[in-house]
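J.: got a predicted model here, sequence first, then my questions.
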Amino acid sequence: MAWLPPVQHDFPKCWGVSRWAGSIVLRAWGWDIEGELPATSKAVLIAAPHTSNWDFWFALLAGWTYGVSIQWLGKDALFQGPLGPLLKLLGGISVDRSRNQGLVTAVVERFESEPRLLLMVPAEGTRAYRDYWKSGFYHMAHDAGVPIILGFLDYRRKRAGFGPAFVPSGDLSQDMDRIRAFYTGISGKHPDQSSRIRLKGEDGVDEARGV
C-alpha cells in the first residue's frame, strides 16, 4: 500500500537526553512510571483509556522515559501544515483516512519491512464514549504476528506505563477478556467518556477493518 509512506524520521539519537527530559516533564506534572516494557522490537501498543488530548503527550513522554520511540498514525492533513516536520519527528505516520479499508494491510506491510516498530493505537478511536472499541489494533497485531502491548494512563493514580504483552491467538473473546481484565480499575482523565472495552466482532457484528 504505497499510500502509507515510509518513515521519514530518525528520532532521537541521544536517548539519554530524551529519557531525562521525559522523566523530568512527567514528574513536573506529578506523574510516575509503572511497569516494564516487554522485550520486543515490534508491537502494537494500545493507548487506553483515551478521553483527553493530553493522553497523546503523556504517552509520548512515557515512551521517552523508557527509551523507546513510539510511532502513531495521523490524518494526512495534520502533516501538510508547518507542524508537519515536527509531527514526523515525534513519530507521526500520515495516512489517508478516506482509504481506511486498506489500513490494516498497509500497517502489516510496514511491520514486515521495518526492523523496529512500536505503533501506538488509541483503541477507542475517539475521546468520546463509544459502545465498542475499534478493532484495527487487534487485526494489525494478529495479521502481522506481533504482540499487543497494553499501554495505560491512569489519571486517578497518575501512573503511566506498560502492562503485559501477548500475541493475539485469533480467539477474539478470549483475547479481549485478557484486555478487559487488565484495564479494570484504570481511570482516564474523564472517566464518564471511557468507552466500553468490547469489539463488535464479539457480538457477531461485522466491522470494517480500519483503525
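T.: Cool, got the structure.
J.: hang on, residue 196 packs against residue 131?
T.: Yes. Using C-beta atoms under 8 Å, residue 196 is in contact with residue 131, at 5.6 Å. Every residue, glycine included, has its C-beta placed from N, CA and C.
J.: which parts of this structure are strands?
T.: Along the chain, counting by DSSP state E, strands occupy 32-34, 42-48, 71-75, 92-95, 117-121, 148-154, 159-166.
J.: dump these to a markdown table, plus distance to residue 83, mean neighbour count and mean pLDDT.
T.: Shown next, in a markdown table, are those (distance: least, C-beta to C-beta, whole Å; neighbours: other C-beta atoms under 10 Å; pLDDT from 0 to 100):
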| stretch | distance to residue 83 | mean neighbour count | mean pLDDT |
| --- | --- | --- | --- |
| strand 32-34 | 27 | 15 | 91 |
| strand 42-48 | 20 | 24 | 94 |
| strand 71-75 | 11 | 18 | 86 |
| strand 92-95 | 10 | 22 | 82 |
| strand 117-121 | 18 | 23 | 93 |
| strand 148-154 | 23 | 23 | 95 |
| strand 159-166 | 24 | 19 | 92 |
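J.: between residue 196 and residue 131, which is the more surrounded one?
T.: residue 196 (12 against 9; other C-beta atoms under 10 Å).
J.: do you know how far residue 51 is from residue 152?
T.: Using C-beta to C-beta, to the nearest Å, residue 51 is found at 13 Å from residue 152.
J.: now do the same contact list for residue 158.
T.: Contacts for residue 158 (C-beta atoms under 8 Å, 6 or more residues apart in numbering) come out as 29, 30, 31, 32.
J.: from residue 135, how far off is it?
T.: Residue 158 is 30 Å from residue 135, by C-beta to C-beta.
J.: and residue 190, by the same measure?
T.: Taking C-beta to C-beta, one finds residue 190 at 23 Å from residue 135.
J.: between those two, who's got more neighbours?
T.: Set side by side, residue 190 and residue 135 show more neighbours around residue 135, with 23 against 14, by other C-beta under 10 Å.
J.: pLDDT at the more buried one, what is it?
T.: We have a pLDDT of 93 for residue 135.
J.: so who does the nearest residue to it once chain neighbours are set aside touch?
T.: Spatial nearest neighbour of residue 135, chain neighbours left out: residue 199 (4.8 Å); criterion: C-beta to C-beta, 6 or more residues apart in numbering. Applying C-beta under 8 Å, 6+ apart to residue 199 gives the contacts 132, 133, 135, 138, 172, 176, 207.
J.: that's all I had, so thanks and see you.
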